[in-house]
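J.: below are the sequence and a predicted model; questions follow.
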Amino acid sequence: MARIRVEAEVVGPAAAGGLRLRLGEVLRDVASELVPLNLRMPNSRFVAVCENGQFVGIESRGVAWLEVQESVRAILNSAWDPIGVADSVSDEYDGYIADIYSLLRQGASPDELAAYLGTVESEAHGASSLSGGSAARHCGAAS
């Protein structure tokens, strides 16, 4: 499933030697060994990686990742949105952000980004016939 990054803060100890974390707006108890020793103190802040609403690790790129996530999310929701839900579900496409970021860091061209999004449209959403090839239109790919 999709991994997302959220701002996190250690609230304090939890039962059975765990830690209580604030993950965005949600409180979760996690096993303390999942959090590095230097971040286990109350009020410690970091960027958490969550999957299916559960804490799974720490984003090493920190706040920079949140900026990337927000920028890519905004583009996916405003310019792509192959199933037309961005107005009601802002994080619907978050599962693709890490792949897009990786492609960008590797110097992917607009055609390569369009190909990736086209694959997502057809395989994951079955929306290629509905969207009329929105990936190519919005990534600046050659026609």
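T.: Cool, got the structure.

J.: need the single longest helix in this structure, by residues.
T.: Criterion DSSP state H: the longest helix present in the chain is helix 63-75.

J.: and the longest strand for the chain?
T.: strand 3-13 (DSSP state E).

J.: identify the residues contacting that strand?
T.: 19-24, 27, 35, 39-51, 55-56, 59, 65-66, 69, 91, 94-95, 97-98 (C-beta atoms under 8 Å, 6 or more residues apart in numbering). Backbone N, C-alpha and C define where each C-beta goes, glycine included.

J.: how does it look with 6 Å?
T.: Applying C-beta atoms under 6 Å, 6 or more residues apart in numbering, the external contacts of strand 3-13 come out as 19-24, 42, 44-51, 59, 65-66, 69, 94.

J.: keep only those of those residues that are in strands.
T.: 19, 20, 21, 22, 23, 45, 46, 47, 48, 49, 50, 51.

J.: which two among the residues you listed are spaced furthest apart?
T.: 45 and 51 (20.3 Å; C-beta to C-beta).

J.: for the residue lying farthest from the centre of the chain, helix, strand, or coil?
T.: Relative to the centre of the chain, and counting by C-alpha atoms, centre = their mean, the farthest-placed residue is residue 16 at 30.0 Å. The three-state label for residue 16, taken from DSSP: H, G, I helix; E, B strand; the rest coil, comes out as helix.

J.: what separates it from residue 70, distance-wise?
T.: 35 Å (C-beta to C-beta, to the nearest Å).

J.: which ChimeraX command selects the buried ones in the contacts of strand 3-13?
T.: Applying 16 or more other C-beta atoms under 10 Å to these, the buried members can be selected in ChimeraX as follows:
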select :19,20,21,22,23,44,46,47,48,49,50,59,65,69,94
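
J.: okay, now the unreliable bits of the chain?
T.: 1, 125-143 (pLDDT under 70).

J.: if we can go back for a sec, the longest strand of the chain pairs with which strands, parallel or anti?
T.: strand 19-23 (antiparallel), strand 45-51 (antiparallel) (DSSP bridges).

J.: now that strand and helix 63-75, what's the angle there?
T.: On the basis of axes from the mean of the first three to the mean of the last three C-alpha atoms, to 10 degrees, strand 3-13 is oriented at 130 degrees to helix 63-75.
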